[in-house]
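Visitor: compute the structure for the input listed below.
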Amino acid sequence: MHDALFQPLKMGALEAKNRIFMAPLTRGRAAQPMFTPNAMMGTYYKQRAGAGLILTEATGISTEGLGWPSAPGIWSDEQTEAWKPIVEGVKQEGGLIAMQLWHMGRIVAPYFLGGERPFSASETKAPGEAHTPEGRQEYAVARAMTQDDINRTIDDYRRAAENAKKAGFDSVQLHGANGYLVDQFLRDKTNLREDEYGGSPENRTRFMREVLEAIIDVWGADRVGIRLSPNGDSQGTDDSNPPATFGAATKVIEELGLAYLELRQPGPEGTFGQTDVPKQDALIRGLYSGALILNSDYTAQEGDDDVSSGRCDAVSYGRPYISNPDLEKRIAAGAPFNPNKDVPKSWYFPIPEGYIDYPTLAEEQAASAA
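Guide: Residues are numbered from 1 along each chain as shown. The predicted structure is shown next:
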């Protein structure tokens, strides 16, 4: 059953044992000290090592780029050392794990910046409110990045990529989706620049290209991937002509020879407010020759169908991996998925409940037989 999902997949230098990937999922468990990974996270990822590829939760590349309580970082030696046993635990189970590198741009609240404003491609303000340890706070108007800001941030990406390599990861994925910094440069609603980083779709891809070149310099293109969300508004980040913008971005990705490209394609219940808008994957599939991964709201059958048809090479499952640590075994057995209990409360609280206490299929069957 679902045979297409259980075929191995070669992506550059990576060899995935199946095509059921674990999508990046912010879980907020790096509690004490804040932004440093811990043993509880090690248990969580090791439980899910049966995925063809684990894409970690979004991981901050710098203090000025991370504004989510208890999300992990990768800019310090302490954080790098703390990731090492997590990665080793996944590898002991035969798993493959990639770190997602994250800069939130204008989504960082001043609380995390000592009261200073965040920066973005241009002077814009995100809608809504930020989560902080002191409760929700209104987003600030971001300041437009100077060339020095851009250069420093690219250096931060490079350093984070180096640290991920030191920690033993198999790959890194650039977070270019969901209205965060790279996405803020790509789309014309948030990129109002008149220099070489703004204007045409090709210019708006320049920041993404320069970040990727820095990461590739550390890893080699055959171990680097990217995530994009080319469909509709993401946290106030939108575009007037998605085919032109994401066509230009895909051409850069193809030219650089990235190993894989993941597209978030949410339906009407999408986490970041997107609606069921036209998909761009067919356009992107025609421009990119590497492994294409589709994500969001997939059932097992839908995933198998899209891989079988050649629409994509793998499917990344997000929410199902929260409550199903052995998701691939459930799909293989045709077993039902566990529901997400206490959703969304348990998604982001720094507690083991709703994180590492979900039963495997074997444990469920043993409990039923007792």
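Visitor: pretty sure residue 215 contacts residue 172?
Guide: Yes: using C-beta atoms under 8 Å, residue 215 is in contact with residue 172, at 6.1 Å. The way it works is simple: take the backbone N, C-alpha and C, and place the C-beta from them, glycine included.
Visitor: between the two, what contacts are shared?
Guide: 101, 161, 224 (C-beta atoms under 8 Å, 6 or more residues apart in numbering).
Visitor: from residue 135, how far off is the last one?
Guide: Spelled out, it's residue 224. To residue 135, residue 224 is 37 Å away according to C-beta to C-beta, to the nearest Å.
Visitor: check the first one too.
Guide: Computed as C-beta to C-beta, the residue 101 to residue 135 distance reads 28 Å.
Visitor: which one of these two is surrounded by more residues?
Guide: Ranked by neighbour count (other C-beta atoms under 10 Å), residue 101 and residue 135 place residue 101 first, with 28 against 9.
Visitor: just to check, that one is in contact with residue 215?
Guide: Yes: counting by C-beta under 8 Å, residue 101 touches residue 215, with 7.2 Å between them.
Visitor: quickly list what's touching both of the two.
Guide: 157, 161, 172, 174.
Visitor: where's the last one, which helix or strand?
Guide: Using DSSP states H and E, residue 174 sits in strand 171-175.
Visitor: in its sheet, what does that strand sit against?
Guide: Looking at strand 171-175 with DSSP bridges, its partner strands are strand 97-102 (parallel), strand 224-228 (parallel).
Visitor: centre of the chain versus the shortest one, how much separation?
Guide: Using C-alpha atoms, centre = their mean, to the nearest Å, we find the averaged C-alpha position of strand 224-228 to lie 8 Å away from the chain's own average C-alpha position.
Visitor: can I get it in CSV, CA atoms only?
Guide: Coordinates of each C-alpha in strand 224-228 appear next as CSV, following Å, rounded to 0.1, in the frame of the first residue of the first chain:
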residue,chain,number,x,y,z
VAL,A,224,21.6,22.4,0.4
GLY,A,225,17.9,22.8,0.0
ILE,A,226,15.3,25.7,0.3
ARG,A,227,11.7,26.1,1.4
LEU,A,228,9.4,28.5,-0.5
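Visitor: list the buried ones in whichever helix or strand comes after it?
Guide: Of the helices and strands lying after strand 224-228 in sequence (DSSP H and E), the nearest is helix 242-256. By 16 or more other C-beta atoms under 10 Å, the buried positions in helix 242-256 come out as 242, 244, 245, 246, 247, 248, 249, 250, 251, 252, 253, 256.
Visitor: skipping adjacent residues, who's closest to residue 326 in space?
Guide: residue 360 (4.5 Å; C-beta to C-beta, 6 or more residues apart in numbering).
Visitor: correct me, but that neighbour touches residue 327?
Guide: No: taking contacts as C-beta under 8 Å, residue 360 lies outside contact range of residue 327: 9.9 Å.
Visitor: so which of these two has more stuff around it?
Guide: residue 327 (24 against 17).
Visitor: kind regards, and thank you for your time.
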